[in-house]
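I'll drop the sequence and a predicted model, then ask my questions.
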Amino acid sequence: MSVAFRESTERALLSSLDVGLLSVRDRACLRLLYRAGVVTADQLATLIFPSRRTALRRLRRLWQLGLLERSPLAPERGGIPVVYRLSRRGSKRLGYIDTRTGGVSRVRHTLDIVDAVCALVRSAPGSVQLWLTEPMTNGVLPADVRPDSVVVVQLAGGSAVLCLEIDEATEHSPTIRSRLGAYEHAPAGRDGWHLVWVVPTEERLGWLRRVARWDQRQGLEGCSWGLVLDELRATGLGTQTQPSRLGRRSCPLVGTHRRPARPSVSDAGRVTRMGPPPRLRRRRRDRRGSHMSRDRLTPAERTLRARMGAYVVHARYDPRVTTAPARAAFLKRFIDEVDPDRVLPEPERLRRAAAARKAYFTRLAFLASRRRTKRRARGQGR
C-alpha cells in the first residue's frame, strides 16, 4: 500500500493566515511535525494535546488551513489510522525547509520512533526531560553516529540518556555489525548513556543478539540493550530488556539508568522538552470557602467588579503610559511586516507601517460586514 498525502480541497488562503494567532499547542504541533516528520492523532494526544478528540479537531483545522497533509494507512484493529505531515505550502508559510519524505517503510519507521517516545512519556509523566529527533542528533555523538532518537529520562532513582535505534527487521547482519562497531566507542566517557535497540518481535531480538555478536563488543558492555516495541508500548519503562551478553538475565528498562547522566548536547536550541500535556481540571468548590462567594457573583456583578478595577488603575496611573508598551508592540508587528530587515528610512518605514495598520483594520471591518450580511440572509431565509 502506498502513502499518498493530500491537502484539503477547502483550503483557506494562506496569505490571510497570521501564524502568530495560532495557539501555543498548535505551534508546538507544527514544530513537532517539522522535527519528527509524520505523526498520528493518538501520538499528539500523548505529547501535546489533552485528548484524542482535541487532537483530531485541531489537526483538521490545520489541515483545512493548508498547513498539513494527511494520508490513511493500512487498517488496524477495525480502524484506519491517519498520518499527518507538513505540506509544502505550510513549510514555506512557516519559514521551514521542506524536508518531507515518502514511502511506506520510511513513514512506518518514523511512526515507530514516535511511538517509542510516547510509550516512555505515558509510563512516567514528567520523566522524559529531553527528546532529540533523528535530524537533531547530528553531532551529538562522535564517529558520525546518528541514533534514531536521543531521549533523556529523569526519575527519582537516577537519570539516563537513551540512544534509540528502531529496527524494522529489514537490515541484514553486515549493516547491524557496522552500526554496533560505530557505537562501541561513541559512549566512551559518558556516564549514563545507553544504546537501546527496539525490535518488532522476540524472534528478531534473538536473531539480533546472535548475529550481531554483542558478546564481543567490550565497549558496549553494560550500556547496550534490546527490547520489543509492543512490550514497550504496553509497559513503558517497566519493559524487560535483554542485556548485551548472551545468557545474562534480563532487567526492566527502568533499571538500566542508576547513575546520573551527563548529556553533552552542544546546542541547547535543538532540545525538545517533553512532558505530560497540561490538563485543565475543575476546582472543587467548598460550600463555605472564600472562592465560593466569588463564584456566586452574577454576570452583572462581575462586570461591575471588573469596571471598578479598571477605574482604580486609571485613577492611579495615566492610561497613555500604561498602554504604551501594548501599542508599541502592536505597531511593531506592522513595522516587521513592511520592513523586516530595517533597510528603509525611518519616515518611509513609519508611513508604510501606518498604511499596513489601516489595511488591517479595514480588512476586519470588511469581514465583519460580510458576516452581518450572511447572518441577515440566513434570518430572511427562515
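Arrived safely. Everything numeric here is computed off the predicted structure, so don't read it as measured data.

chain center to the helix or strand encompassing Arg25, what's the gap?
Taking DSSP states H and E as the criterion, Arg25 maps to helix 24-36. Per C-alpha atoms, centre = their mean, to the nearest Å, the displacement of helix 24-36 from the mean C-alpha position of its chain is 5 Å.

quick one: contacts of stretch 230-239?
Residues from elsewhere that reach stretch 230-239 (C-beta atoms under 8 Å, 6 or more residues apart in numbering): 115-116, 119-120, 122-124, 127, 153, 155, 198, 200, 227-228, 240, 252-254. For glycine as for every other residue, the C-beta is placed from the backbone atoms N, C-alpha and C.

endpoints of that stretch, how far apart?
10 Å (C-alpha to C-alpha, to the nearest Å).

now go through the contacts of stretch 230-239 and say which are in strands.
Members of the contacts of stretch 230-239 lying in strands (criterion: DSSP state E): Val153, Leu155, Val198, Leu227, Val228, Gln240, Pro252.

and the residues you listed, which is closest to Thr46?
Val153 (15.6 Å; C-beta to C-beta).

dump the residue contacts of the closest one.
Val153 makes contact with Leu120, Ala124, Ser127, Val128, Gln129, Ser159, Ala160, Val161, Leu162, Leu237, His257, according to C-beta under 8 Å, 6+ apart.

tell me the secondary structure for the fifth one?
Classification of Gln129 by DSSP: H, G, I helix; E, B strand; the rest coil places it in strand.

same for the longest helix seen in the chain, what does it pack against?
Looking only at the chain and at elements set by DSSP state H, the helix with the highest residue count is helix 346-381. For helix 346-381, the contact count by 3 or more C-beta pairs under 8 Å, 6 or more residues apart in numbering; DSSP states H and E identifies helix 324-338 as packing neighbours.

for this structure, which segments count as strands?
For the chain, the strands defined by DSSP E occupy 39-40, 68-72, 82-86, 128-132, 149-155, 158-166, 193-199, 224-228, 240-241, 251-252.

if I average pLDDT within each of the ones you listed, which one is lowest?
Mean pLDDT is lowest for strand 251-252 among those, at a mean of 64.

the ones in strands among the contacts of stretch 230-239: which two are farthest apart?
Among the ones in strands among the contacts of stretch 230-239, Leu155 and Val228 lie farthest apart (C-beta to C-beta), at 21.8 Å.

between these two, who's got more neighbours?
Val228 (20 against 14; other C-beta atoms under 10 Å).

and the ones in strands among the contacts of stretch 230-239, which is closest to Val312?
Of those, the one sitting nearest to Val312 (C-beta to C-beta) turns out to be Leu155, at 48.5 Å.

please tell me how far the closest one sits from Gly236.
Distance, Leu155 to Gly236, by C-beta to C-beta, to the nearest Å: 12 Å.

just Leu229 next, same as before
12 Å.

quick one: low-confidence ranges for this protein?
Along the chain, segments meeting pLDDT under 70 span 1-2, 10-19, 77-78, 101-102, 143, 187-189, 212-219, 243-295, 380-382.

so what are the domain limits for it?
With domains defined by automatic domain parsing, the chain comprises 14-101, 107-270, 299-377.

export those to TSV and append columns for distance to Arg6.
Converted to TSV, the domains of the chain look like this (distance: least, C-beta to C-beta, whole Å):
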stretch	distance to Arg6
domain 14-101	6
domain 107-270	14
domain 299-377	28
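
nearest to Glu7, out of the ones you listed?
Using C-beta to C-beta, those put domain 14-101 closest to Glu7, at 5.4 Å.

just how off-centre is that closest one within its chain?
For domain 14-101 - counting by C-alpha atoms, centre = their mean - the centre lies 10 Å from the chain centre.

what does stretch 177-191 give?
Worked out by C-alpha atoms, centre = their mean, stretch 177-191 lies 29 Å from the chain centre.

quick one: buried residues of it?
Arg177, Arg179, Leu180, Tyr183, Glu184, Ala186, Pro187 (16 or more other C-beta atoms under 10 Å).

drop anything exposed from the contacts of stretch 230-239.
Buried by 16+ other C-beta under 10 Å: 115-116, 119-120, 123-124, 127, 153, 198, 227-228, 240, 253-254, out of the contacts of stretch 230-239.

tell me which of those residues is nearest to Lys358?
Asp115 (50.2 Å).

show me what contacts that closest one?
With C-beta under 8 Å, 6+ apart, Asp115 has these contacts: Gln43, Leu229, Arg233.
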